[in-house]
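1. need coordinates for the below:
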Amino acid sequence: MNVYRLNPSCPGRRRQGWRAGLVELCLAAALMAAFGASARAQWLTQSFSLKAGWNAVYLHVDASHADLQELVGADAANPIEEIWMWKPEPGTQQFVESPLLPTGTGSPWVSWLRALGPSSSLQRLEGNAAYLVRVRAAAADYVWNLVGKPVAPQYSWTITGLNFIGFPTPAENPPSYETFLSGSPDLLLNAEIYRYVGGDLGPSNPLRLFALRTTPLRRGEAFWIRAGTSFNRYYGPFEIDLQSGSGVHFHDSIGQYRIRLRNLVAAELIVTVARLDSAPPPAGQTAIAGPPPLLLRGALDAVTLTYGHADFDDGPQTRTLAPSGQVGSETDLVIGLNRSRMTGQPGGLYAGILRFTDSMSLSRVDVPVTALVASQAGLWVGEASVSQVRHYLKNYERDESGQPVQSATGAYQVLSTNTTLGSVPRSFPLRLILHSDAAGAAVLLQRVHYGKGFEGGMILAAREQSLSPEGLGDARRISAAHLPWSAANLPWAMTGELKEGATAAATVSLNYDDQAANPFLHTYHPDHDSRNAAFDQILPQGGESYGVRREIALRFAPPPGDFDGLTTSGGALQGVYEESVTLLGKGSESRQFDVRGAFQLNCISDIPTLTTE
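-> Below is the predicted model:
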């Protein structure tokens, strides 16, 4: 069926806006690279009741993961002797005026014959295709259970010849041909249908169908049909448009997927969407960790400007569509993936099925849905906003007259010190640049360079010298001015991983005599150059400058509870920023300042290696 439009999915991780300046926005655009096809392995069993002789079947699953020798030929007890696939080339369908016999000479048939095995022209079973299957004579009725990947219906209808197709009716209690086709009066009025009834091919097989009212339209049964010059796009009472014809695939980075749902009949229709578990994968196929944790976006809250959501774990979801052509006959279903509930190693597969059914019990459409556990490897850039500073307010003891009490040494007696965190009038921004490798080891960077390496590929580098001079015009650099600069730009190793619920921490030390980065030093000022009056000796720490030790901790929080927050967690992290700044003076003298705030990080590149040489 040609009712599923192909729209390319947005590649790469979903990026959220962040206040990091124009350079970072340009870099984010430059780094967005298309991902390769991910593993797609979600399974459904389609069963066919076959009789001796010829049977017509229509596959709503794709079983091309294995060849026919493995699926049929290797089993001597399997009574299937021949499989013929109807595969007309574009421009030839207009010559089909009557049901064609399977033949390998000059016709749109390709076949597998048990006697020929691997030499047959047909080796694998594709989905959305009609087949003639011959079961050996005198064989008992045989149930053929075929495991494959569910496929969304696709068919190219021709108005100048016969169509060999099947319709996606429910497997249980299928409607009659008349009931199903009543949603399209033109098709019902003009339909000329031929069915295979088993046995040898001849004048009575296939047989013209006249009893439309009493004959069930079974799922998986193929038949010949034409409707004069009426072009058909009716394959059930509702139609869905997918972003990708192969199904709903979140890969390792996408968080939201939009499906367009449309009512095609002249009555109100309720469409139910349920998430089903995948069948066990066949031998040799990728193991499945479980069904993807899916959400359905709800209404927008006008106060908080956030979307509500329903969880498919709580059961099927429904949408009511107005009659065709009226306002409300179409709607968007925005399916979200809650990656915070996906566990396991990067690349682990979650897979299941979205099943669409209607209140008229006429149609059942199965759509595969997959997601891969995301890797946190790559470049993460964002910002911390310092909004709290720890107090250091002393409360002094006083005598009866209200005067401060002094000790024997003349110092004022301290009763207590207030060290609570207090809010600041205006928050202070601190840019954060982090990189995580494929093993999960993270580092904090003062600056990073992105550009072409000497071997031609794009790289992330700590130093500009690692980039090819030929590509410097297109290279980008991001810097964090609050971190100490050094020529080598060696990163600071972090403990912990970049993931929700974890804490990543790093210690940034700055020597008191670092003329390039220490803010207490003024190289050409005699009172702040950390040298003696003769300029021939370096003063000890605390003489004219202090050492600085910054202990930075990023405490990653779960995503916000709204729909967008839950579905964008794969490419965005947020949480609480904590830092202790210790000034180191003479000997053991020190003074500590604590700050706190919030931070957000966005992954703008999935390059797992940081070049430091």
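
2. check contacts around the closest residue to residue 149 other than its chain neighbours.
-> Nearest non-adjacent residue to residue 149, counting by CB to CB, 6 or more residues apart in numbering: residue 62, 4.7 Å away. From N, CA and C alone the C-beta is placed, and that goes for glycine too. Contact analysis of residue 62 by CB atoms under 8 Å, 6 or more residues apart in numbering lists 125-128, 148-151.

3. for the nearest residue to residue 423 once chain neighbours are set aside, what is the enclosing helix or strand?
-> Leaving out its chain neighbours, the residue that sits closest to residue 423 by CB to CB, 6+ apart is residue 388, at 5.8 Å. Residue 388 is part of strand 378-390, with elements assigned from DSSP states H and E.

4. can I get the CA coordinates of that strand in CSV?
-> Presented in CSV, the C-alpha positions along strand 378-390 are these (Å, rounded to 0.1, in the frame of the first residue of the first chain):
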residue,chain,number,x,y,z
GLY,A,378,31.2,12.2,22.8
LEU,A,379,31.5,15.9,23.4
TRP,A,380,29.2,17.5,25.9
VAL,A,381,28.9,21.3,26.2
GLY,A,382,26.7,23.3,28.4
GLU,A,383,26.5,25.8,31.2
ALA,A,384,26.4,25.9,35.0
SER,A,385,24.5,28.8,36.6
VAL,A,386,25.9,29.6,40.1
SER,A,387,23.0,30.9,42.1
GLN,A,388,24.0,30.2,45.7
VAL,A,389,27.1,31.0,47.8
ARG,A,390,27.8,29.5,51.3
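
5. of the contacts of residue 62, select the buried ones using a ChimeraX command.
-> Listed next is the ChimeraX selection for buried residues among the contacts of residue 62, using 16 or more other CB atoms under 10 Å:
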select :125,126,127,128,148,149,150,151
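
6. any idea which of the contacts of residue 62 is closest to residue 119?
-> residue 125 (17.3 Å; CB to CB).

7. what distance do you get for the closest one to residue 195?
-> 21 Å (CB to CB, to the nearest Å).

8. cool, and residue 410?
-> To residue 195, residue 410 is 109 Å away according to CB to CB.

9. ok, these two, which is more surrounded?
-> Taking neighbours as other CB atoms under 10 Å, residue 410 and residue 195 compare with residue 195 leading, 20 against 6.

10. how close does the more buried one get to residue 158?
-> 19 Å.

11. ok, residue 351 touching residue 287?
-> No - Residue 351 lies out of contact with residue 287 (CB atoms under 8 Å); the separation is 9.9 Å.

12. more neighbours: these two, which one.
-> Taking other CB under 10 Å, residue 351 and residue 287 do not tie; residue 351 has more neighbours (28 against 10).

13. wasn't the more buried one part of a helix?
-> No - counting by DSSP: H, G, I helix; E, B strand; the rest coil, residue 351 falls outside a helix, being strand.

14. so what's it bridging to?
-> For residue 351, the beta-bridge partners under DSSP bridges are residue 370.

15. swap in residue 418?
-> residue 393.

16. if I look at it, how far off is residue 308?
-> With distances taken as CB to CB, residue 418 is found 42 Å from residue 308.

17. over to residue 55?
-> Going from residue 55 to residue 308 by CB to CB gives 48 Å.

18. more neighbours, these two?
-> Neighbours were tallied for residue 55 and for residue 308 using other CB under 10 Å; the higher tally belongs to residue 55 (23 against 15).

19. domains for the chain, by residue range?
-> Here the domain parsing of the chain from automatic domain parsing is 44-226, 238-372, 378-391+425-611.

20. span of the last one from start to end?
-> With CA to CA, to the nearest Å as the measure, domain 378-391+425-611 spans 12 Å from end to end.

21. same deal with the first one?
-> Start-to-end span of domain 44-226 (CA to CA) is 30 Å.

22. so residue 69: helix, strand or coil?
-> helix.

23. list the contacts of it.
-> Counting by CB under 8 Å, 6+ apart, residue 69 has contacts 117-118, 123.

24. mind checking which of those land in strands?
-> Secondary structure from DSSP state E places none of the contacts of residue 69 in strands.

25. for the residues you listed, give me JSON lines that also has neighbour count.
-> Formatted as JSON lines, the contacts of residue 69 follow (neighbours: other CB atoms under 10 Å):
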{"residue": "117", "neighbour count": "15"}
{"residue": "118", "neighbour count": "10"}
{"residue": "123", "neighbour count": "15"}
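
26. which stretches in the stretch 151-300 of the chain count as helices?
-> Assigned helices in the stretch 151-300 of the chain, in chain order: 177-181, 185-190 (criterion: DSSP state H, counting those that start in this stretch).

27. which helix or which strand is home to the residue of the chain most remote from its centre?
-> The centre of the chain is farthest from one residue, residue 401, which by CA atoms, centre = their mean lies 71.0 Å away. Assigned by DSSP H and E, residue 401 belongs to neither a helix nor a strand.

28. against residue 394, how distant is it?
-> In terms of CB to CB, residue 401 sits 20 Å off from residue 394.

29. got it, and residue 446?
-> Note on residue 446: its distance to residue 394, by CB to CB, is 36 Å.

30. residue 348 too?
-> Per CB to CB, residue 348 is found 55 Å from residue 394.

31. the two - which one has more neighbours?
-> More crowded of residue 348 and residue 394, by other CB under 10 Å: residue 348, with 19 against 11.

32. need the contact list for residue 531.
-> Residues in contact with residue 531 (CB under 8 Å, 6+ apart) are 537-539, 544.

33. before we move on, the earlier item: any idea which of the domains of the chain gets closest to residue 406?
-> Of all those, domain 378-391+425-611 sits nearest to residue 406, with 22.7 Å by CB to CB.

34. how far is the closest one from where the chain is centred?
-> When C-alpha coordinates are averaged (CA atoms, centre = their mean, to the nearest Å), domain 378-391+425-611 and its chain have centres 30 Å apart.

35. state the mean pLDDT of that domain.
-> Per-residue pLDDT values over domain 378-391+425-611 give a mean of 93.

36. ok, stretch 278-293 next?
-> Stretch 278-293 carries an average pLDDT of 93.

37. in it, what's buried?
-> For stretch 278-293, by 16+ other CB under 10 Å, it's 278-279, 281, 285-286, 288-293.

38. which residues touch residue 320?
-> 268-271.

39. how far does the helix or strand encompassing it sit from the chain's center?
-> Assigned by DSSP H and E, residue 320 belongs to strand 317-321. For strand 317-321, the separation from the chain centroid amounts to 24 Å (computed by CA atoms, centre = their mean).
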